Each structure stands twice: as structure tokens, then as C-alpha cells.
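Engineer: using only what follows, build the 3D model:
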Amino acid sequence: MRILHVFGTLARGGAELRTIDVMRHLDRSRFELEFCCLGEDPGTLAPDVEALGARVHTCPPGLFLARRFSRLLRERQPDVLHSHVHFFSAYLLRLAAKVGIPGRIAHFRTTIDPRDRTLQGSLRRLVARRWIDRHATLILGVSAASLTANWGEDWSKDPRCRVVYNGIDASRFDPAAANRAEVRRELGFSADALVVFHVGRFDPQKNHRRLVDIFGALLRRVPAARLAMIGRGGNGVESATRARILELGIEREVVLTGEREDVPRLLDAADILLLPSVREGLPGVILEATAAGVPVLASDLPEIREIASQLPSVGCEPLGADDDSWARRASEIIEEYTAQGARERVARAIAGSDFSVVRCTGLLAAAWVEASLAGARR
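Structural biologist: Next up, the predicted model:
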């Protein structure tokens, strides 16, 4: 079967990285994967995808998008179009139905974008939902929360809806933290520092200012605390974050590394991952941290509670709680997981959970077959 995945770009993000993990475990004798990126630049992960044997196409948005995308579908004739671009998937699935592609999957990977809460956004969402309802042969959500937010409280009554949790390839992480001292020296942290990590692009939903304020509260409790912020920036959110760091006078305790390709190695240095996001889909960085043996404190969001229900090292704190409450909870979690062997115990939880890459790969393979067969019967 030929599966054509559609992303906005193959940038370094959770959905893209988890899809690459699936590719590494997929039965190549059964499935051939191709990718379409909706832009001129396919993204930094395109070479990784091509190295795994997949073709990468680009289809820039604009006046001729429909013509270009329909031509690509006719040329490649995929059995399944698997779209990961939120409600824009509706338009692509509609085009795929017109061309006659049998399997058409809309995959929700986040909760509602605040832009969809405006009148214009609500109308756009209403039209998109109707098109997805009409043209999708399968509707996937990266969490139950993502399906609830995008498809409604009664999503489970739609036989096309499935929750497929992202899976993590735990073999790429080392819970023994063999590189701990080396990575800390590289980041400029001492061996006895209490190291807090945040991994995520500089985007409003990641809540970087709140992250800095919480770390400031933790630093008042633990003067040896240090913060490493890893992720793509170069925008207004990063500038505002740097300004807040200077305002609090903690620039010596905080390191911004920019985008990195070696997050599994860097996580060896962390004592805790802090993630005060305002919304997520299913944050892959929580799975990465757990696979590396690092405990997590994250926002008390429905999608994160789904992870925490299976991974006991993931703690949740309400966004409405003050900074001192977050700092106190972070301290408690760090203390709980500093015992010898704790990192290995944290990492082992992945294998028996719904977040293993083997389970995810099997569910996606079954979904592709089901979507194709359902489309052929229509």
C-alpha cells in the first residue's frame, strides 16, 4: 500500500519526529510511504525521511494549490491520503475524494487553535468539519482530548474515530545518563546543579514567559537551579522571553540552546522537564523525557492527564496555580526521583504503556488498511 502523508513542513516537531520513529519500525514489504509538504521548503527533517526510503514532494499554497495537489494525487495514486494539517485536512480530503483516492484520513494532533474561536475561525471550522465528515474514511486523534476538542464530546459514537497515541522509540534514549557530566559541562552547568529542561519551539502555546517565572520561583528555593531552554526561536516570542529573563536578573542561570538535533543525549543532564503549555495535542517531549528517565511536571491539561494516567513520573499542575506552587511541586518530584535506579524505573514504564512505538506502528498500519477498505466500499 502507498500512503501519502501531508504535513505543513517536515520541521523538527513532535508529530514529524514520531512519524519518523514509525517509519523505522514499519514493515516495508507492506507499506510504501511518501510525504507532501505544503510549502517551498520541505523542512529540516526531509533528508531523514528520504534516508529511510520515502519520497518527499512539495506543494506550495496559493492560487494553484488545488491543481498542483490534485495532479500529485493522480501521478502517485496513493491508497491512502493521511493528512496531519488540522482543519485544512478537510480541503485536501475533499480534493482526494474527487480524484478517487480510496483511503482518506484526517489526523488531529492538537486541540483547538485560539484563532478558531473567533467568528471567522468558527465559520471556517464549521465548513471544515462538514467536509471531513463527508470525505474522511477514518478520523484519528493523537489523544482523546484532541478528538473531544475538534470532533465533539460524542466523538466515540462515530465509528470512524480512533485514538492512536504517539509512540516513542525508547531505544534511542539512555536512562543510565552516561553522558550526564559531559552534557552539563557543555551547557555550562556544574555537576551539582539542579537542572531544569524545557524542550519546545518558541510559540505562544508553549508559554515561555510562565516557564521563566516558574523557574524564577524555583531558583529562590534552590539557588543551584539552572534552566536549559531547547527549541527553535528567532521570533518575537524568543525576544520577549529573553527580555523577561533579564528583567528577573537570572540570565546567568538560564541557557537558550536554539534548535538541537541531539535532544536524547541532552536529556541525560536533566533532573526534571518543565512544560507549562496552554494547549497541546500529545506532547512528544514528555515521552522523550520519560524514555530518558527524566520526571516531568506539566500543565494539568486533559491530553497530558492521559499520559500521566499511564506514566507515574509525569506530574500535572493547574495553570491557575501560582509560581511558588509549581516550584514546590517541581522540588517534590525531583526529590522523589533522585534515588539510585530511579531513572531506569521511569524509563521502563514506556514499554508497558500505550506510548510504545511498536504499538503505535501496529495501530497506524491497521488504520491505513481500514481506511482504504472503507473508501473502496463507498
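Engineer: number of residues surrounding the nearest residue to residue 363 once chain neighbours are set aside?
Structural biologist: Spatial nearest neighbour of residue 363, excluding adjacent residues (C-beta to C-beta, 6 or more residues apart in numbering): residue 164 at 4.8 Å. Backbone N, C-alpha and C define where each C-beta goes, glycine included. By other C-beta atoms under 10 Å, the residues close to residue 164 number 21.
Engineer: hmm, residue 138 and residue 164 touching each other?
Structural biologist: No - taking contacts as C-beta atoms under 8 Å, residue 164 lies outside contact range of residue 138: 10.0 Å.
Engineer: per-residue pLDDT, the residue nearest to residue 363?
Structural biologist: Here the pLDDT value assigned to residue 164 is 97.
Engineer: OK, contacts around it?
Structural biologist: Residue 164 makes contacts with 140, 141, 142, 360, 363, 364, 367, as judged by C-beta atoms under 8 Å, 6 or more residues apart in numbering.
Engineer: would you mind giving the residues you listed as CSV with distance to residue 9, neighbour count and secondary structure added?
Structural biologist: Shown next, in CSV, are the contacts of residue 164 (distance: C-beta to C-beta, whole Å; neighbours: other C-beta atoms under 10 Å; DSSP: H, G, I helix; E, B strand; the rest coil):
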residue, distance to residue 9, neighbour count, secondary structure
140, 20, 24, strand
141, 22, 27, strand
142, 18, 27, coil
360, 22, 22, helix
363, 25, 18, helix
364, 21, 23, helix
367, 23, 21, helix
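Engineer: got those as a markdown table, with distance to residue 374 and pLDDT columns?
Structural biologist: Shown next, in a markdown table, are the contacts of residue 164 (distance: C-beta to C-beta, whole Å; pLDDT from 0 to 100):
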| residue | distance to residue 374 | pLDDT |
| --- | --- | --- |
| 140 | 13 | 98 |
| 141 | 17 | 96 |
| 142 | 21 | 95 |
| 360 | 21 | 95 |
| 363 | 16 | 96 |
| 364 | 15 | 97 |
| 367 | 10 | 97 |
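Engineer: from those, which is closest to residue 249?
Structural biologist: Proximity of those to residue 249 was ranked by C-beta to C-beta; the top entry is residue 142 with 38.9 Å.
Engineer: returning to that earlier point: which neighbours do residue 164 and residue 138 share?
Structural biologist: Shared contacts of residue 164 and residue 138, counting by C-beta under 8 Å, 6+ apart, come down to residue 367.
Engineer: do you have the strands of the stretch 201-350 of the chain handy? List them.
Structural biologist: 225-230, 254-258, 272-275, 296-299, 314-317 (DSSP state E, counting those that start in this stretch).
Engineer: other SSEs contacting the fourth one?
Structural biologist: Strand 296-299 makes packing contacts with strand 272-275, helix 284-291, strand 314-317, helix 323-336 when contacts are defined by 3 or more C-beta pairs under 8 Å, 6 or more residues apart in numbering; DSSP states H and E.
Engineer: got the buried residues for the longest one?
Structural biologist: Same thing as helix 323-336. 323, 326, 327, 328, 329, 330, 331, 333, 334 (16 or more other C-beta atoms under 10 Å).
Engineer: if I look at the fourth one, how far off is residue 244?
Structural biologist: The spacing between residue 328 and residue 244, counted by C-beta to C-beta, to the nearest Å, is 21 Å.
Engineer: same thing with the last one?
Structural biologist: Shown here: residue 334 relative to residue 244, a distance of 23 Å by C-beta to C-beta.
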